[in-house]
Each structure stands twice: as C-alpha cells, then as structure tokens.
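Peer 1: Sequence plus predicted model, see below.
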Amino acid sequence: MELFWHRRDLRAADNVGLAAAAGAGDDDRGPAAPVFVFDPDVLDHASDVRVRRLIDGLAALRDDYRERGSDLLVARGDPKEVLPRLAAAVGADRVVWNRDYSGLARERDAGVRQALNEAGIDREAHHDAVLHTPDSIRTNAGDPYSVYTYYWRKWTDRETDPPAPTPEATHLADAATLRAAVGSDDGGDADARADGGVESERVAVGDLPSPADLGFGEPDASIGPAGTAAARDRLDAFLAEPVFDYEAERDYPAREATSRLSAFLKYGEIGIREAYEATERALDAATERAESGSESTDDADDEGPVAAVEEFQQQLAWREFYTQVLYHNPAVVTENYKTYEEGIAWRDDPDEIAAWKRGETGYPIVDAGMRQLREEAFMHNRVRMIVASFLTKDLLVDWRHGYDHFRERLADHDTANDNGGWQWAASTGTDAQPYFRIFNPMTQGERYDPDAEYIKAYVPELRGVDADLIHEWHELSPTQRANAAPEYPAPVVDHSARREEALAMYKRARGEDPEE
C-alpha cells in the first residue's frame, strides 16, 4: 500500500505521482490509497469562493475514485502530523505527492518530509504541475529568466513528457480496505477513523466537509462546474473551433473566445501534459487548414490558425514563466519584484478603492469587469489588465490591494499568475509594462467592446444607452449623464489628470525630476 497525497492535482488521469504510487508499470508498487488533507495553514489564505470550488473539485475526484471501486480519504489537520499517522494506519510503505512551488507549499513539504523521516516512512515527490520544472529553463549564464520572450523560446523548444497513465481499479486501494484500515465508529485510532465527519486530525472515507465546517460561507458568485470530465469537455469544445480564431478574438470579452480552463488548471483537474498534447493535435489540424487553403496563411497579419494555436500555447508558457519567477523569488507575493530608488508613494484613497471594488467608478469597462468578478468569480483576461491598470495608474493604489481582492474573489486564483499580472500592471514586476504606458480605460472599452455588449451584460444601468454615449461617458455633462443613465455614476477621477499624477509619481520613485 502507498499513500498518495493530493494537493493541487485533483485528478486520477495524467497524475505523475499517483501513477507512480499506484504502481503503473511497476508490479512492486501500489495499490495507492488517495488522501486529501485540509491544512489549517492553507485555509488561512483561502476564501469563500475558493473553498467552495475546492470542495466541488474534491467531490468530482471522489466520484472518479468510487467509479473505480476506491474512495478518497479526507483528513483535516497539520499534514506533518496527519500523514505519518495515516500512513501507519493504512500500512503504507511510503507517502507520495506532486511538488508545488510556492513558498508556503515548499515550507509545508519540508515539514512533512522531516516528520516522515522521523517516523521511518519513505516519501517521494514528483514533477507534475508544469511541463518544465521552474529550475530547468535558465539563461545561458545560468540565471532564471526575467523576460518572457526569451523564456518562451527555450520553453517551446523543449520536449515534453506524454500524459501519465491513469491507474486501473486494481492499482487503487478498494473502498472496503480503506474503511477497515482507518477504523470505524466503535473503535480504532481517534486520530484516524471513519466517523462520518472531518473533525481536526480525523479521517473520513469520502465524507467531505461543507464550507461552514471549515469556517467559510457560501459565496455569492455563481461558480462553474468542477472536475476532470468538465475540464475535458471545456478543452474539447475550445479546441474544436474557437482556438483557431484565438489570436484575433481573445481580447474581446463579449465574444467568449478564451478557453476558460484557468480554474481547472489551478486545481489540477486536468493534467498539463494532457492539455498540451491536445493543443499539439489542434496545431496539426491548424496546419492542415492552412495547407488546404481554407484559412488565411498570411504571416504578415499573424492571424492564421497556426498562429492562433501557438498564441494559446503561449498562455500555458506564461503560466510556467510566472511559476519560475515565484519559485526563485518567493518574496514577490508581498514585495515588488522591481525596486524603485525612492519607493512608490501610493495614494490609497479608501473611497476610491471601495468604488473600484463595487464596480462603480464611472468607467464602464472597469465596472463591468469588477461586477463580472463579483457575479462569476471570474474575469476576462483583457479586462483584468484594464481594471488592474485603472487601480494602479488612475487611482494610484498599491497593487497589493488589487491582488488581495482578486485572491478573495477569483475561483481561479493562482498565486504565481495573479501576482505576476498585478505586478506587470503596476510596472513593478518582471517583464512589466513600462511605467509610462498607461491604459486609457475609455479607449480600451471602445476598442475591445465597441458595441458595449460586455458592458451592458454586467452594468444594467447602461443597457438602454447607445454604445457611443457609453464610450464617451467621461466627456458627457452631468445633464447628459442624468438623461442617459441616471443611476450610473459619474467618473470618480479624471483619467487625463491622474495619468499625469501617475507619471510624476513613478518619476519621483525613480529618483527623477517629475517636471522634466
């Protein structure tokens, strides 16, 4: 018996560590007993949205195991205390898991390794979460990359592993064995028994807690489906057709031209090797389209089907680029990656921050994005950049306020990706947008939502207003605004004036004269 510890890999398919623990290709190993541990230290950084999404993903994983005659052990407590006890209870020869790369995860795993060593239990960690480990792609000088373009060139030239095999039912501990191993209501170790609940440091077989059991509430947002089957459905639907227009369509939020895979990848409900292999098949299909003449192959506009699929693969590479940034610089979660000589004098006005969070800034594309976040625990990527630029460059607010709000509200919150995105917008990160490039929120809305379809979907006050008036909202007089949409607010700031303030703020931070 081997104990497999699930973390951010809530799937049975293409799971490197699980395949190893289950003995796929090795008759001397397995069967695998899968476990998930609700770690209080991790829950301290969680939110209502992400706990609900996590439980939904665990329910789908548990059902996958039950279809194979197994089940999911569910524990709650400090993993370095729970896992050695549980390994002993089920008679596991070793504990196996897949590596995670955040500072918190690495600190946790070091404690688990030490505890297992002291208990005399073997342990084993595998590379699984990304195609290429954070330490494997470096500059010619041996340093980690800080510029994405150069990282991408090496990333795309690397060979990738095929998807890991899915364990057969015979390679998994059967449900009856799991129940017997951890005890029952009338006996057994009080720290590892199936008692129908998940009290601290106790183990249940397949019995998941509610958010309330973990100290969280049910979120207001409508959260989408979870699990491997839903992830595959979403990936298949995207790669069947939308991906071939991805390059041209992805920046238009009303067109729903993106994959929406982010939450599935965040919780590891689909393996990255499986996803990448599917994109390679799509790339072959795109090449056939181009060669058949059914699609434009004009490299000048770079909008053909091949370029579109490659652009989507770049999004997977961005995910891994930011993972390696976090791995080598764990302090970026709370500190600027790029330091400024004099420090940035953020403004941080509570009323303006509150208006931004409510989606009541008077800048329609910004407000639509913030309301989508509240309603769906999701935001379109182009709009994420717009709202982040608005917070940091128009409201002059420290990016950490935005990062914390996204962490609270996003179902797909990923520390590396979100931190990288926020620091990019604030011009404090690796490969960041130069401080003097400041998004004009009205121009962005007009360019990427010309008919105001996205805006009207999330800002009902503007549904009866002509798109031209919506995109001119900042220029309208108070009377014109009152006549067009009396319930929608006037702009909380003047973009042109704040742009000049932002430029001066960054120049002072750089030790330059803001008047020059």
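Peer 2: All right, it came through fine. Numbers count the residues shown, from 1 in each chain.
Peer 1: Check which helices and strands the helix or strand of the chain with the lowest mean pLDDT sits against.
Peer 2: Across the helices and strands of the chain, mean pLDDT, DSSP states H and E gives its lowest value to strand 203-205, namely a mean of 88. If you count contacts as 3 or more C-beta pairs under 8 Å, 6 or more residues apart in numbering; DSSP states H and E, strand 203-205 packs onto strand 73-76, helix 79-90, helix 175-181. Every residue, glycine included, has its C-beta placed from N, CA and C.
Peer 1: Would you mind putting the CA coordinates of the longest one into CSV?
Peer 2: The one in question is helix 79-90. C-alpha atoms of helix 79-90 as CSV (Å, rounded to 0.1, in the frame of the first residue of the first chain):
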residue,chain,number,x,y,z
PRO,A,79,-0.1,17.4,7.3
LYS,A,80,3.1,16.7,9.1
GLU,A,81,1.0,15.2,12.0
VAL,A,82,-1.8,13.7,10.0
LEU,A,83,0.2,11.9,7.2
PRO,A,84,2.6,9.8,9.4
ARG,A,85,-0.4,8.6,11.5
LEU,A,86,-2.5,7.8,8.5
ALA,A,87,0.4,6.1,6.7
ALA,A,88,0.8,3.8,9.7
ALA,A,89,-3.0,3.2,9.9
VAL,A,90,-3.3,2.1,6.3
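Peer 1: which SS state does residue 17 fall under?
Peer 2: Three-state assignment for residue 17 (DSSP: H, G, I helix; E, B strand; the rest coil): helix.
Peer 1: Residue 408 versus the spatially most central residue of the chain, what's the distance?
Peer 2: Central residue of the chain (C-alpha atoms, centre = their mean): residue 414, 3.5 Å from the mean position. Residue 414 sits 14 Å away from residue 408, taking C-beta to C-beta, to the nearest Å as the criterion.
Peer 1: One more: residue 248?
Peer 2: The value you get for residue 248 to residue 408, if C-beta to C-beta is used, is 33 Å.
Peer 1: What of residue 103?
Peer 2: Taking C-beta to C-beta, one finds residue 103 at 20 Å from residue 408.
Peer 1: What of residue 36?
Peer 2: Relative to residue 408, and taking C-beta to C-beta, residue 36 is found at 23 Å.
Peer 1: which residues in the stretch 51-200 of the chain form strands?
Peer 2: 73-76, 94-98, 122-126 (DSSP state E, counting those that start in this stretch).
Peer 1: average pLDDT across the shortest one?
Peer 2: Mean pLDDT, strand 73-76: 96.
Peer 1: Quick one: list the elements packing against that strand.
Peer 2: strand 32-38, helix 79-90, strand 203-205.
Peer 1: what's the closest of these to residue 480?
Peer 2: strand 32-38 (54.0 Å; C-beta to C-beta).
Peer 1: Name the residues of the next helix or strand after that closest one that are buried.
Peer 2: Proceeding N to C from strand 32-38, the next assigned helix or strand is helix 40-43, under DSSP states H and E. In terms of neighbour count (16 or more other C-beta atoms under 10 Å), helix 40-43 has its buried residues at residue 43.
Peer 1: what distance separates helix 40-43 from the centre of its chain?
Peer 2: Its chain's C-alpha centre and that of helix 40-43 lie 18 Å apart, by C-alpha atoms, centre = their mean, to the nearest Å.
Peer 1: Check stretch 152-166 too.
Peer 2: The chain centre lies 20 Å from the centre of stretch 152-166; the measure is C-alpha atoms, centre = their mean.
Peer 1: So for it, first residue to last residue, what's the gap.
Peer 2: 30 Å (C-alpha to C-alpha, to the nearest Å).
Peer 1: still on that earlier bit, was I right about the residue nearest to the centre of the chain contacting residue 262?
Peer 2: Yes. At 7.5 Å, residue 414 counts as touching residue 262 under the criterion of C-beta atoms under 8 Å.
Peer 1: Might you report the residue contacts of residue 446?
Peer 2: residue 471 (C-beta atoms under 8 Å, 6 or more residues apart in numbering).
Peer 1: tell me the phi and psi of it?
Peer 2: Dihedral angles of residue 446 (phi, psi; degrees, to the nearest 10) stand at phi -70, psi -40.
Peer 1: Please name the nearest non-neighbouring residue to residue 268.
Peer 2: Once flanking residues are discounted, residue 268 sits nearest to residue 9: 3.8 Å by C-beta to C-beta, 6 or more residues apart in numbering.
Peer 1: Can you identify each of the helices in the stretch 351-500 of the chain by residue range?
Peer 2: Along the stretch 351-500 of the chain, the stretches classed as helices by DSSP state H, counting those that start in this stretch are 364-376, 381-389, 399-409, 415-425, 441-448, 453-458, 467-471, 478-484, 495-509.
Peer 1: Out of those, flag the one nearest residue 340.
Peer 2: Comparing those under C-beta to C-beta, the one sitting nearest is helix 495-509, at 3.8 Å.
Peer 1: Show residues contacting that closest one.
Peer 2: Helix 495-509 has contacts (C-beta under 8 Å, 6+ apart) with 340-346, 363, 393-396, 427, 435-436, 438, 440-442, 474, 513-514, 516.
Peer 1: Which among these count as buried?
Peer 2: 340, 344, 346, 363, 393-396, 427, 435, 438, 440-442, 474.
Peer 1: And those, which two are furthest apart?
Peer 2: Among the buried ones among the contacts of helix 495-509, 340 and 474 lie farthest apart (C-beta to C-beta), at 29.4 Å.
Peer 1: Who has more neighbours out of residue 36 and residue 408?
Peer 2: residue 36 (21 against 17; other C-beta atoms under 10 Å).
Peer 1: What is the end-to-end distance of stretch 32-45?
Peer 2: 29 Å.
Peer 1: How far away from the center of its chain is that stretch?
Peer 2: On C-alpha atoms, centre = their mean, the centre of stretch 32-45 falls 18 Å from that of its chain.
Peer 1: most packed of the helices and strands packed on strand 203-205?
Peer 2: strand 73-76 (a mean of 26; mean count of other C-beta atoms under 10 Å).
Peer 1: Once you drop chain neighbours, what's closest to residue 174?
Peer 2: Spatial nearest neighbour of residue 174, chain neighbours left out: residue 69 (5.1 Å); criterion: C-beta to C-beta, 6+ apart.
Peer 1: How about the contacts made by the one you found?
Peer 2: By C-beta under 8 Å, 6+ apart, residue 69 lies in contact with 169, 172, 174, 175.
Peer 1: for those residues, which one is nearest residue 142?
Peer 2: residue 172 (42.0 Å).
Peer 1: so what's the closest one closest to, chain neighbours aside?
Peer 2: Closest to residue 172 by C-beta to C-beta, 6+ apart is residue 70, at 3.9 Å.
Peer 1: residues in contact with the one you found?
Peer 2: By C-beta under 8 Å, 6+ apart, the contact set of residue 70 is 34, 169, 172, 173, 174, 175, 178.
Peer 1: Whichever of these end up buried, select them in ChimeraX.
Peer 2: In ChimeraX, this line selects whichever of these come out buried by 16+ other C-beta under 10 Å:
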select :34,172,173,174,175,178
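Peer 1: Just give me the closest of the contacts of residue 70 to residue 253.
Peer 2: Nearest to residue 253 among these, with distances taken as C-beta to C-beta, is residue 34, at 38.0 Å.
Peer 1: How much space separates the closest one from residue 73?
Peer 2: With C-beta to C-beta as the criterion, residue 34 and residue 73 are 7 Å apart.
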